[in-house]
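J.: Compute the structure for the input listed below.
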Amino acid sequence: MIIATGTLNIDENAKLAQQASDDAKNAANSAADEAGKIKTSLDGKITVSSQEPFDDGKNHDEGDIWYVQDSNHITSEMYTYDGSDWVKTKISQTALSVGELSALTANLGTIEAGYLNSVEVDSSTIKGGSISGSSLSLTNGNTNYWLDQNGFHDRYYGNNIFNGYVQKDVWINDSGISISDGNYKADIQPEQIKMSGGGHTGTLWSSNIDWAAAIFAGNIQINSGHVIHSRDYGDLYFEGGSDTGLDSVGIYASAFNKRSLLSRKNYIQNLSGDEAVAAISATDIKQFNYAGKDNHQQINIGPIIDDKHDIGSKIYRISENLLTDDRQGVSVDNEINLTMIAVKELIKENSELTLRVSQLERKLNNE
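T.: Residues are numbered from 1 along each chain as shown. As a prediction, this is how the structure comes out:
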């Protein structure tokens, strides 16, 4: 029994060894078959070409892949064989992870995206509800436009008939509109217009003009023939011709009113009637026309300032009381008021003469 048992154990061990050997061979054969299948799949089952799928003379099975690549081995398209035709493969954005796109050229049609971050967009038309950012700019020839936290800005580079090559700027923001060309500037605000440049500054209000501020930094030309401008000492001139000459023009208005408050005056002195009569008597009153105008102009009557002859040789007389500070004009106020004083003096003298005549008449009648 002992021998028999031992013999049985040897036989079983032999069988186990044989089975193990068979299993090893089967595993090796299976591995070889799988390797053969992979080789077969790679042989014609994955195709790389510079063209889209075409009849390459090979049998293709469902699941075969076709890559379109360029000479730099960059894949642009991928197709999968569905058993009868090649179908372009699309990749879901959830499965696509790209660190950087060096270039993207495509007819994208309509793009729907939550956020597009771009350095530069070249397009003929941009539509949308809003455009946000720190600034927005546009260049058109010599003109630049941009919009930032300071407002809307329009800058032009070009020639100016007065100042040569200039830079003109226009700002529009919550403070109003500002226009400048490097020499002159105008600020337009809801309540006023401020002008500066050329050594002058001033304000034009909606309700009045602040003359004391010398608002006219240059000339205001009307209909290319009349000029309004101010001199350094503040006087306002209405003149004809664009050269701001001395050919003054007429002013029409329903009334001319002058402030005459005591609080706005000083150095008040008396002027006698005799002085007024003497000033008027020392002034020649002539009839004349202004040079450079046609013969149909209005006839003018008044004093003449002789600026052609030296002192002592002047042919027309005028009282110093009638001259303006620059000795180029006649003070209409002084003319009127000297006449008023002279009339008062004449009225006084006439009253005295009338009284004397009455006394003489009574005396003659009593005799």
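J.: Every contact and neighbour count from this point should use C-alpha atoms.
T.: Noted.
J.: Look up how far Ser50 lies from Ser180.
T.: Applying Cα to Cα, to the nearest Å, the value for Ser180 to Ser50 is 62 Å.
J.: who has more neighbours, the two?
T.: Ser180 (19 against 15; other Cα atoms under 10 Å).
J.: The more buried one contacts Tyr156, correct?
T.: No. Contact between Ser180 and Tyr156 fails when scored by Cα atoms under 8 Å: they sit 10.6 Å apart.
J.: who touches both of the two?
T.: Lys168, Asp169 (Cα atoms under 8 Å, 6 or more residues apart in numbering).
J.: what's the neighbour count on the residue nearest to Gly302 when sequence neighbours are not counted?
T.: Once flanking residues are discounted, Gly302 sits nearest to Ile285: 4.9 Å by Cα to Cα, 6 or more residues apart in numbering. Residues lying near Ile285 (other Cα under 10 Å) number 15.
J.: Starting from Ile179, give me the distance back to Ile285.
T.: As judged by Cα to Cα, Ile285 and Ile179 stand 49 Å apart.
J.: for Gly128, same thing?
T.: For Gly128, the distance to Ile179 - Cα to Cα - is 31 Å.
J.: hmm, back to that, now for the residue nearest to Gly302: which residues touch it?
T.: Ile301, Gly302, Pro303, Ile304.
J.: Among the residues you listed, which ones are in strands?
T.: When DSSP state E is applied, the contacts of Ile285 are split such that Ile301, Gly302 fall in strands.
J.: With distance to Ser351 and neighbour count added, can I get the contacts of Ile285 in TSV?
T.: Shown next, in TSV, are these (distance: Cα to Cα, whole Å; neighbours: other Cα atoms under 10 Å):
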residue	distance to Ser351	neighbour count
Ile301	30	11
Gly302	29	12
Pro303	30	21
Ile304	33	19
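J.: Out of the contacts of Ile285, which is nearest to Ser281?
T.: Using Cα to Cα, Pro303 comes nearest to Ser281 of those, at 11.5 Å.
J.: For Tyr145, see how far away the closest one is.
T.: 58 Å.
J.: ok, now Glu112?
T.: 30 Å.
J.: Looking at those two, which one has more neighbours?
T.: Using other Cα under 10 Å as the criterion, Glu112 and Tyr145 rank with Tyr145 on top: 16 against 7.
J.: tell me which element the more buried one is part of?
T.: For Tyr145, the host element (DSSP states H and E) is strand 143-148.
J.: In the sheet, which strands lie alongside that strand, parallel or antiparallel?
T.: When pairs are called by DSSP bridges, strand 143-148 turns out to pair with strand 136-140 (antiparallel), strand 151-160 (antiparallel).
J.: Right, I'll leave it there.
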